[in-house]
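Asks: Starting from these lines, generate the structure:
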Amino acid sequence: MSTIPGPITTQGLNESQAQRFIQNPILTPKQIMPSSPDMVIECLLNPGAFTFKGKIGLLLRVAERPVQLEGTITCPIFDEAGSLKILSFNHSDPDLDLSDARLIAHQGITYLSTISHLRLVWSDDGVNFYEPETPLILRGKGKLETFGIEDCRVAFIDGRYYLTYTQVSENGVGVGMMSTDDWVTMQSHGMIIPPHNKDCALFEEKINGLYYCLHRPSGVDLGGNFIWLASSPDLVNWGNHTCIARTRPGMWDGTRIGAGCSPIKTAEGWLEIYHGATSNHRYCLGALLLDLNDPSKVIARSQTPIMQPQELYETQGFFGEVIFTNGHIVNGDQLTVYYGAADEVICAAQFSTSQILASLK
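Replies: Below you'll find the predicted structure:
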């Protein structure tokens, strides 16, 4: 594992245990070039994180939209061939609903106000990131990704990197998977979990001969936004789905929960950092501890967040009061969490794994 040098964090632990990088935000939209001159990057969000050849890599979610013209609002989509199309709406249209900055609703159809792709950046120190000379840009392709791809998690399994990410289209939101061993050539494995599903985090080793993942179906009328567990013989075909954690009404994770990235193997169990949200869309981070031999058994769970929005770059932005992670780097007891703040910028914070475990007791 790459070691992130210090001192790079604020002094002392706050009530949420997180030591934020003093350089936060470490990446902003202005530091990344748009995919084309007629596009504007609105947000950088929720990077997957991994190590490769002594470097730390982040797969950023880059959310773009066309340059906006007065009196109209436009949003981009991909057609099935992967070509970008621009939809335009008049601001005065009574059928237009812009009440949520993330969405454009018109005549019963909901579009995203931005379209996301994945962009690779590298770092030698875990703080300062740069794009490679030959940029790696992963865009939506095919009819299941016409509204883009989002929120990639990276797992290293049997010598290969597996990318689980959100596929978005008018057909719904599902889980796609790609894999690579060199970060140049990508193999697509298609949609591995159908709509409506997201937040898929792979365990990085087999348990009793099977692969496992955490995922998050979305309930509409019955059920809810809970964390589920599934197993697979081959990382593609998933079954034995089990709900292992539900929302807790009235608490910090009362409306929506979802997995971060790969669970961390400890002597006490699998430690999973997850996000929880309230009905007011305030996103915090907490922890689950799962049994080593049977991860469907939850041993412990955070009663209060281990990290919550408090800095200005977390409380104010494209969509404020949000801390969301799907990427971390483990180096001994040091856990470096890379996260999206206020749905706009990329930040990082360090934790002690042993302190998180102690807080669960």
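
Asks: quick one, longest strand in the protein?
Replies: Assignment by DSSP state E gives strand 39-52 as the longest strand of the chain.

Asks: so how far is it from its chain's centroid?
Replies: 9 Å (CA atoms, centre = their mean, to the nearest Å).

Asks: can you pull the buried residues of that strand?
Replies: 39, 41-52 (16 or more other CB atoms under 10 Å). Bear in mind the C-beta positions are built from the backbone N, C-alpha and C, glycine included.

Asks: Go through those and name the one nearest Arg256.
Replies: Using CB to CB, Asn46 is the member of the buried residues of strand 39-52 that lies nearest Arg256, at 14.6 Å.

Asks: That closest one reaches Tyr339, doesn't it?
Replies: Yes. Using CB atoms under 8 Å, Asn46 is in contact with Tyr339, at 7.2 Å.

Asks: what helices or strands is the host helix or strand of Ala358 leaning on?
Replies: Ala358 belongs to helix 353-360 when assigned by DSSP states H and E. Judged by 3 or more CB pairs under 8 Å, 6 or more residues apart in numbering; DSSP states H and E, helix 353-360 is in contact with strand 264-266, strand 269-277, strand 283-290, strand 298-301, strand 334-341.

Asks: Just the buried residues of that helix, please?
Replies: 353, 356-357, 359-360.

Asks: now those residues as CSV including distance to Asp234?
Replies: Formatted as CSV, the buried residues of helix 353-360 follow (distance: CB to CB, whole Å):
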residue, distance to Asp234
Thr353, 30
Ile356, 32
Leu357, 32
Ser359, 36
Leu360, 33
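
Asks: OK, contacts around Leu271?
Replies: 263-265, 287-290, 353, 356-357 (CB atoms under 8 Å, 6 or more residues apart in numbering).

Asks: do that again at 10 Å, thanks
Replies: 263-265, 287-290, 299-300, 330, 335, 353, 356-357, 360 (CB atoms under 10 Å, 6 or more residues apart in numbering).

Asks: which one of those sits closest to Thr146?
Replies: Nearest to Thr146 among these, with distances taken as CB to CB, is Pro263, at 31.8 Å.

Asks: My guess is that closest one contacts Leu202. True?
Replies: Yes. Pro263 is in contact with Leu202 according to CB atoms under 10 Å; the separation is 9.0 Å.

Asks: tell me, what's touching the two both at once?
Replies: Counting by CB under 10 Å, 6+ apart, the contacts common to Pro263 and Leu202 are 155, 212-214.

Asks: before we move on, the earlier item: of the buried residues of strand 39-52, which is the nearest to Gly269?
Replies: Checking these against Gly269 with CB to CB, the nearest one is Ala49 at 21.9 Å.

Asks: For the closest one, report the pLDDT, please.
Replies: Ala49 carries a pLDDT value of 98.

Asks: so what's it closest to, chain neighbours aside?
Replies: For Ala49, ignoring the flanking residues on the chain, the nearest one in space by CB to CB, 6 or more residues apart in numbering is Gly327 at 3.2 Å.

Asks: what's that neighbour in contact with, if anything?
Replies: 46-50, 56-60, 151-154, 260-262, 336-340, 346, 348.

Asks: For beta bridges, what are the partners of it?
Replies: Beta-bridge pairing for Gly327 (DSSP bridges): Tyr338.

Asks: what sits against Ala101?
Replies: Counting by CB under 10 Å, 6+ apart, the residues that Ala101 touches are 42-43, 113-114, 317-320, 343.

Asks: how many neighbours does Arg153 have?
Replies: Around Arg153 there are 31 other residues, counting by other CB atoms under 10 Å.

Asks: surely it meets Met178?
Replies: No. Arg153 is not in contact with Met178 according to CB under 10 Å; the separation is 11.4 Å.

Asks: what is in contact with these two at once?
Replies: Common neighbours of Arg153 and Met178 (CB under 10 Å, 6+ apart) are 162-165.

Asks: got a list of contacts for the helix holding Ala358?
Replies: Taking CB under 10 Å, 6+ apart as the rule, helix 353-360 contacts 13, 16-17, 264, 266-269, 271, 273, 286-289, 299-304, 306, 330-335, 351-352.

Asks: what pLDDT does the spatially closest residue to Arg65 that is not a sequence neighbour get?
Replies: In this structure, Arg65 finds its nearest non-sequential neighbour in Thr114, 4.6 Å apart by CB to CB, 6+ apart. Looking at Thr114, its pLDDT reads 87.

Asks: which residues does Thr114 contact?
Replies: If you count contacts by CB under 10 Å, 6+ apart, Thr114 has them with 39-43, 45, 61-66, 75-76, 101-104, 147-148, 318, 343.

Asks: Just the closest of the buried residues of strand 39-52 to Ser188, please.
Replies: Gly48 (16.2 Å).

Asks: Run through the bridge partners of the closest one.
Replies: With DSSP bridges as the criterion, the beta-bridge partners of Gly48 are Leu59.

Asks: so how many other residues sit close to the closest residue in space to Lys141 that isn't next to it in sequence?
Replies: Leaving aside its chain neighbours, Lys141 sits nearest to Gly82 (4.9 Å; criterion: CB to CB, 6+ apart). Gly82: 12 surrounding residues under other CB under 10 Å.

Asks: and if you look at Glu170?
Replies: The number of residues packed near Glu170 is 12, by other CB under 10 Å.

Asks: Ok, Asn240 next?
Replies: For Asn240, the neighbour count with other CB under 10 Å is 11.

Asks: Good, wrapping up.
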